[in-house]
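Trainee: Let me see the structure of the following:
(one chain, ligands or ions: 3)
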Amino acid sequence: MALIVQKFGGSSVGDAEKIKLVAKRVIETHRAGNQVVVVVSAMGDTTDELLDLANGVSKNPYATPRELDMLLTAGERISVALLSMAINDMGEKSRSFSGLQAGIITDSTYGNARISEVTPDRVQSAITAGEIAIVAGFQGFDPSSGDITTLGRGGSDTTAVALAAGLHADVCEIYSDVDGVYTADPRLIPTARKLQAIDIDSMLELAAAGAKILFIRAVEFARRHKVNLRVRSTFSDDPGTIVYSTGESMEESIVAGVAVDKGQSKITVVGVPDVPGKAAEIFTVVAKGDVNIDMIVQNIAASSTHLSDISFTLPSDDFKKAVAALEMDKPSIGFESLQLDEKIGKLSVVGSGMKTHSGVSATLFGALAKAGVNIEMISTSEIRISVVTNIDQVDDAAKVVHSAFGLNGEAEAVVYAGTGR
Ligand code: ADP
Ligand code: ASP
Ligand code: MG
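Mentor: Ligands and ions are numbered 1, 2, ... in the order given. Modelled structure (predicted):
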């Protein structure tokens, strides 16, 4: 008997019919002789709609993060109860659990909490008794405050992986509205090809680069705890994509995929005195706001002025906060001005094969030059190259680069559901 954790995203439980379809799939797995733990997200775009409501009553709902988490976790409470009812109605025993009841223990960072411990005793008892356990994704419990927390947007993936690790599950299956992990977002590039398998390091870089098919923290968790992942569709029988947490990927391609991130901003601190410690001052000010910085570029100080410029990218959600913090400390840091780009495009090519192959940069920059795309910043890791471009050019740039690496498949990819919101 295998223990399988199955996670269904918002688009898979978007309405009553879809919830019944999920119930059927779950029951099939259970009747095949497996123990099944199911994690579900909020129905459709519920989380965004709850956020819209919050914005309707408050100028800044993020100023009351505890209340915001209380609100947002309601979405998953609805879907777990409905799925459990549907399963019971179809003749199998099932019980739903909130994040707290399922033992998802977190730190106290409202809105973006990290899981510190998983104590799924009640879930274990339910499956041992032959029931199907349904757990609310995206939510946890902080024992230090006694409060409910959320795990960051897309966090139901993390709940699923954490439960799979905590329960020593044989596999964690992530069900979504596409057939697996593709060489690019199939909504943007319909000719993207589905990957049979991808190594976890490439998956981690793709997720970090903006491919939201898997949430980055879930991939990190899977890598650390060696959880076997499979990404597949709720709406087809395609076997999906295996994400290997050990060993080498079966696919031998140099580049596994291309990702686009349109949720990034760029700040250039102009006229920074060229003396030791200034970069530390700037990034200390920004870090105080809990802002995650991605790329950083500093150019050489002009010899006449002894002033240099430092540019960095950050998530657009943190843009206003970072600008305000820098403006406040402008006199003490002593820079001249800030040059602001609230919306930039980031394009990344990712693949473990890049470690051992040369010529990837030449192909990438050649394709971008031919398409007339201006590059504003570049950063690389062993298995990724990212470039910053104008936001209006990034989608077309991705298409050109995807073709240049020969990643197009034979048939058009199918997107089964969801709004992509
Ligand atoms: P869910 O609600 O199931 O969590 P998400 O909307 O979070 O679904 O993620 C699924 C979406 O991820 C797909 O519909 C697709 O548009 C997008 N996506 C982005 N990059 C990729 C990729 N490389 N492969 C597959 N899907 C991708
Ligand atoms: N419902 C949450 C969100 O929309 C969590 C998730 O879907 O994974 O971000
Ligand atoms: Mg998701």
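Trainee: which parts of the stretch 151-300 of the chain sit against ligand 3?
Mentor: Applying Cβ under 5 Å from the ion, we find that the stretch 151-300 of the chain lies next to ligand 3 at residue 154. (Glycine included, C-beta is placed from N, CA and C.)
Trainee: residues from the stretch 151-300 of the chain in reach of ligand 2?
Mentor: 153-157 (Cβ under 6 Å from any ligand atom).
Trainee: again, only this time at 5 Å
Mentor: Residues of the stretch 151-300 of the chain lying near ligand 2 by Cβ under 5 Å from any ligand atom: 153-154, 156.
Trainee: got the contact list for the residue of the chain found nearest ligand 1?
Mentor: Closest residue of the chain to ligand 1, Cβ to the nearest ligand atom: residue 9 (1.8 Å). Taking Cβ atoms under 8 Å, 6 or more residues apart in numbering, we find residue 9 in contact with 41, 156, 174-177, 418.
Trainee: rerun that using 7 Å as the cut-off
Mentor: Shown in contact with residue 9 (Cβ atoms under 7 Å, 6 or more residues apart in numbering): 41, 156, 175-176.
Trainee: next helix or strand past the longest helix along the chain?
Mentor: Ordering each helix of the chain by length in residues (DSSP state H) puts helix 65-89 first. Downstream of helix 65-89, the next assigned helix or strand under DSSP states H and E is strand 94-97.
Trainee: what distance separates the longest helix of the chain from the centre of its chain?
Mentor: The chain centroid and the centroid of helix 65-89 are separated by 21 Å under Cα atoms, centre = their mean, to the nearest Å.
Trainee: hmm, back to that, pipe the residues of the stretch 151-300 of the chain next to ligand 2 into a markdown table and attach neighbour count and pLDDT per row.
Mentor: A markdown table is the format used below for those (neighbours: other Cβ atoms under 10 Å; pLDDT from 0 to 100):
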| residue | neighbour count | pLDDT |
| --- | --- | --- |
| 153 | 16 | 93 |
| 154 | 21 | 94 |
| 156 | 28 | 98 |
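Trainee: Go through those residues and flag which are in helices.
Mentor: residue 156.
Trainee: between the residues of the stretch 151-300 of the chain next to ligand 2, which is nearest residue 191?
Mentor: Checking these against residue 191 by Cβ to Cβ gives residue 154 as the nearest, at 25.2 Å.
Trainee: Please report phi then psi for that closest one.
Mentor: phi 90, psi 10 (degrees, to the nearest 10).
Trainee: close enough to count as contact, it and residue 211?
Mentor: No. With contact defined as Cβ atoms under 7 Å, residue 154 does not count as touching residue 211 (11.0 Å).
Trainee: buried residues in the longest helix of the chain?
Mentor: 65, 68-69, 71-73, 75-76, 79-80, 82-84, 86-87 (16 or more other Cβ atoms under 10 Å).
Trainee: Kindly report the same for stretch 384-392.
Mentor: Applying 16+ other Cβ under 10 Å to stretch 384-392 flags 384-389, 391 as buried.
Trainee: from the chain's centre, how far out does it sit?
Mentor: Averaging C-alpha positions (Cα atoms, centre = their mean) puts stretch 384-392 18 Å from its chain's average.
Trainee: same thing with stretch 143-152?
Mentor: For stretch 143-152, the distance to the chain centre is 20 Å (Cα atoms, centre = their mean).
Trainee: Quickly check: that stretch near ligand 1 or not.
Mentor: No. Applying Cβ under 5 Å from any ligand atom, one finds stretch 143-152 separated from ligand 1 by no less than 12.0 Å.
Trainee: Would you mind listing the outside residues contacting that stretch?
Mentor: 66, 69-70, 72-73, 100, 105-106, 108, 110-113, 115, 138-142, 158-159, 217.
Trainee: Any of the residues you listed buried? List them.
Mentor: Judged by 16+ other Cβ under 10 Å, buried ones among the contacts of stretch 143-152: 69, 72-73, 100, 105-106, 110-113, 115, 138-142, 158-159, 217.
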